[in-house]
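Colleague: I would like the atomic coordinates for the input below:
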Amino acid sequence: LTIADKEYTGWTHHNYRDTSIHTYNEAIEALANLGYWVFRMGKKVKEPLNISHPRVIDYANLDIRSDLLDIWLPARAYFSISTSTGLDSVAQAYRRPVVYVNAMTNEDFRSHDHCIWAPKNLMWESKAGNLLTLKETLLNNFHNGELYKENGIKIIDLSSEQIREIVLEMESRLTGNWKVTEEEELNQSKLIKIISSRKSKEKLHGFFQ
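Modeller: From the prediction side, this is the model:
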């Protein structure tokens, strides 16, 4: 498994995509306790991964890190965990599953990939803390952190517990232990219907995997 994160030096307009590596600790330890090896990826990272577990490797901070291994590890991983920051493109190219957590924006979600997409929550600051609906997130599809502030939208990262549950869902799906509910199927149909109504559908989401 691989987990990719990146520190965007000088890319302050992308700060809406930032996330703390420490909120992934619960998910990482849960996978390691199931017997998986977990590699934390990255070339320039803000902080070390503070986990003491024999199956958890903070590869991003090792001297053996190399461009070759940066490609080889995601290409061989059972699945990757990413915030949609670029390295996940390697997993895409090699058709490896990806869990996108704290991903932005919903308009850019990977409808053609074998993935789970779990975005950050967006909340209206002026509406008693109401979360934006899916349609509202698509209408407020900004690629600059300041634009969310200007439009009265607060960006909320997923909690450590939520990340763990999402990651373990992917593990259960891949091992054949996940049971799909009627509610889940209904919500999936609603999602496809909403996305399909967008003018950008053919350009970004010509088909759904």
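Colleague: All the helices of this structure, residue numbers only.
Modeller: Applying DSSP state H to the chain gives helices spanning 25-33, 67-76, 88-93, 134-139, 145-150, 160-174, 182-196, 201-204.
Colleague: Low-confidence stretches in this structure?
Modeller: Along the chain, the model assigns pLDDT under 70 to residues 1-13, 200-209.
Colleague: If we use 50, what do you get?
Modeller: Scanning the chain for pLDDT under 50 picks out 8-9.
Colleague: The helices of the chain: which one's closest to Asn102?
Modeller: helix 160-174 (7.7 Å; C-beta to C-beta). To be clear about C-beta, it is placed using only N, CA and C from the backbone, and glycine gets the same treatment.
Colleague: And the closest one, what does it pack against?
Modeller: In terms of contacts (3 or more C-beta pairs under 8 Å, 6 or more residues apart in numbering; DSSP states H and E), helix 160-174 is packed against helix 25-33, strand 98-103, strand 115-119.
Colleague: okay, the angle between the last one and helix 182-196?
Modeller: An angle of 80 degrees separates the directions of strand 115-119 and helix 182-196 when computed by axes from the mean of the first three to the mean of the last three C-alpha atoms, to 10 degrees.
Colleague: now for strand 115-119, which elements pack on it?
Modeller: Under the contact criterion of 3+ C-beta pairs under 8 Å, 6+ apart, strand 115-119 touches strand 98-103, helix 160-174.
Colleague: hey, which of the ones you listed is tucked in deepest?
Modeller: Comparing the helices and strands packed on strand 115-119 by mean neighbour count (mean count of other C-beta atoms under 10 Å), strand 98-103 ranks first with a mean of 25.
Colleague: can you redo the helices of the chain as CSV with distance to Leu49?
Modeller: Formatted as CSV, those follow (distance: least, C-beta to C-beta, whole Å):
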stretch, distance to Leu49
helix 25-33, 8
helix 67-76, 15
helix 88-93, 18
helix 134-139, 30
helix 145-150, 25
helix 160-174, 14
helix 182-196, 32
helix 201-204, 33
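Colleague: neighbours of Gly176, just the number please.
Modeller: By the measure other C-beta atoms under 10 Å, the count of residues near Gly176 is 6.
Colleague: ditto for Leu62
Modeller: By the criterion of other C-beta under 10 Å, Leu62 has 12 neighbours.
Colleague: For Met41, give its distance to Ile166.
Modeller: Distance of Met41 to Ile166, computed by C-beta to C-beta, to the nearest Å: 18 Å.
Colleague: oh, I was asking about Ile194
Modeller: 20 Å.
Colleague: Make sure Val90 is actually in contact with Pro74.
Modeller: Yes. If you go by C-beta atoms under 8 Å, Val90 and Pro74 touch, sitting 4.2 Å apart.
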